[in-house]
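Colleague: Below are the sequence and a predicted model for it; my questions follow.
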Amino acid sequence: MSSLANGYSLDVPRRLFRIVRGDRFGRAYESERGATLTVMAGVNALQQSLESAMRQGTAGLPDLDRETYRRISRNSAVVSGISGDSIVYYKARATCGGANFASFVLVYVPAERGIYDAVVARMSRSFDRATLPDGRPLCP
């Protein structure tokens, strides 16, 4: 999937996930195995840093009972951990020169880790800023 207006692209495995709802700000997916995937994007109207937006919940990071990994830079963030009985993987990035945020959250049970850890790796590699052929950002 791509959101040219929000400046990102993401390879969602269509064989695993079906769309359950969507609008111009994102999509929610479910798998037959019970995993959920939420892809979101929005305008950074308050010109927050990505870390500030995550702390305030405006970048889509769900509450975690236990955080197992965190890496945050100026333009991207990866956080994973446990929420209830589920594994949560969250990745976000600033797009359009920081004017927008895009993120995805994959939630799955530990018993399905063999399947979804590979999905996380694939999606993480594909999650990129959308650009024009000459490399300029594709943003409004």
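Modeller: Cool, got the structure. Numbering: from 1, shown residues only.

Colleague: list the contacts for A94?
Modeller: By CB atoms under 8 Å, 6 or more residues apart in numbering, the contact set of A94 is N44, L50, R74, N75, S76, N100, F101. Heads up, the C-betas are built off the backbone N, CA and C, glycines and all.

Colleague: Could you identify which of these has the most neighbours?
Modeller: Tallying neighbours with other CB atoms under 10 Å puts F101 at the head of these, with 26 neighbours.

Colleague: So it sits against E51, correct?
Modeller: No - counting by CB atoms under 8 Å, F101 stays clear of E51, with 11.3 Å between them.

Colleague: Listing request: residues of the protein with sub-threshold pLDDT.
Modeller: Residue ranges of the chain with pLDDT under 70: 1-8, 55-61, 129-133, 135-140.

Colleague: Spatially central residue in it, please.
Modeller: When CA atoms, centre = their mean is applied to the chain, the residue found nearest the centroid is F104 (1.6 Å).

Colleague: Excluding sequence neighbours, find me the nearest residue to it.
Modeller: Closest residue in space to F104, ignoring its immediate chain neighbours: V39 at 4.7 Å, by CB to CB, 6 or more residues apart in numbering.
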